[in-house]
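Participant: I'll drop the sequence and a predicted model, then ask my questions.
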Amino acid sequence: MTAGLVHRFGDDVSTDHITSGRHRFLAKDIAALAAHCLEDLDPDFVRRVQPGDFVVGGRNFGCGSSREYAPRVLQALGVQAVVARSFARIFFRNAINIGFPAVEADTDGIAAGDRLRLDLAGGTIENLTRGTTVACRPYPAVMLAILRDGGLVAHLKKHGTYRLG
């Protein structure tokens with residue numbers, strides 16, 4: 001993956017923070033919904049985020065309701081991955097299902113504005129700003145294949161079943 005800038009958030013970032021319920025009427029228009037992504041935590045996030053950037057959080061990222069479009073709006077903005085200490089189970093599954101990496105790692109040494117490079121297959125996150133490398137929780141081969149294929153539906157269309165590649 002390419003290097004990207006970090007947009008840092010704390011613990012317990014909920015799906016309502018990512019995509020507020022007050023904008024649920026936009027759910028069928030992901031681009032319109034994405035225009036409000038994370039606005040309650042950082043009103044300027046959408047104006048600053050660039051394709052290839054990272055969202056970095058603390059513990060329990062994506063908690064709250066299932067909101068399947070929460071990882072989809074991050075993906076629509078061009079965020080290449082969310083890196084967090086831990087994820088709410090439903091957010092993690094929704095992210096993988098659409099082909100969007102949600103990576104568990106120790107995020108204590110990652111700050112807003114740092115530049116990261118993620119190696120999913122190798123299980124490392126290189127912090128180019130600080131000159132450090134952090135191990136991330138490795139994905140099983142089937143999950144890497146699902147991500148490579150663009151999500152679960154695309155993977156099943158391509159292979160007709162769960163396959164490693």
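Facilitator: Received it, and whenever you're ready, just let me know what you need. Residues are numbered from 1 along each chain as shown.
Participant: can you name the residues bridging to residue 8?
Facilitator: Applying DSSP bridges to residue 8 gives these bridge partners: residue 56.
Participant: strands of the protein, start to end?
Facilitator: Secondary structure of the chain (DSSP state E): strands at 4-8, 54-56, 81-84, 102-104, 115-119, 124-127, 132-135.
Participant: make TSV out of those and add mean neighbour count.
Facilitator: Where C-beta positions appear, they are placed from N, C-alpha and C, glycine not excepted. Conversion of these to TSV gives the following (neighbours: other C-beta atoms under 10 Å):
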stretch	mean neighbour count
strand 4-8	20
strand 54-56	26
strand 81-84	26
strand 102-104	22
strand 115-119	18
strand 124-127	19
strand 132-135	14
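Participant: which one of these lies nearest to residue 14?
Facilitator: Counting by C-beta to C-beta, residue 14 lies closest to strand 81-84 out of those; the figure is 12.6 Å.
Participant: list the contacts of the closest one.
Facilitator: 1, 54-59, 61-62, 71, 74, 95, 100-105, 107, 110, 116, 118, 125, 136 (C-beta atoms under 8 Å, 6 or more residues apart in numbering).
Participant: may I see the strands of the chain arranged in JSON lines, with distance to residue 148 as well?
Facilitator: As requested, the strands of the chain are arranged in JSON lines below (distance: least, C-beta to C-beta, whole Å):
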{"stretch": "strand 4-8", "distance to residue 148": "19"}
{"stretch": "strand 54-56", "distance to residue 148": "19"}
{"stretch": "strand 81-84", "distance to residue 148": "14"}
{"stretch": "strand 102-104", "distance to residue 148": "15"}
{"stretch": "strand 115-119", "distance to residue 148": "14"}
{"stretch": "strand 124-127", "distance to residue 148": "18"}
{"stretch": "strand 132-135", "distance to residue 148": "21"}
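Participant: please name the nearest non-neighbouring residue to residue 99.
Facilitator: Counting by C-beta to C-beta, 6 or more residues apart in numbering, residue 99 lies nearest to residue 151, which is 3.5 Å off, once chain neighbours are set aside.
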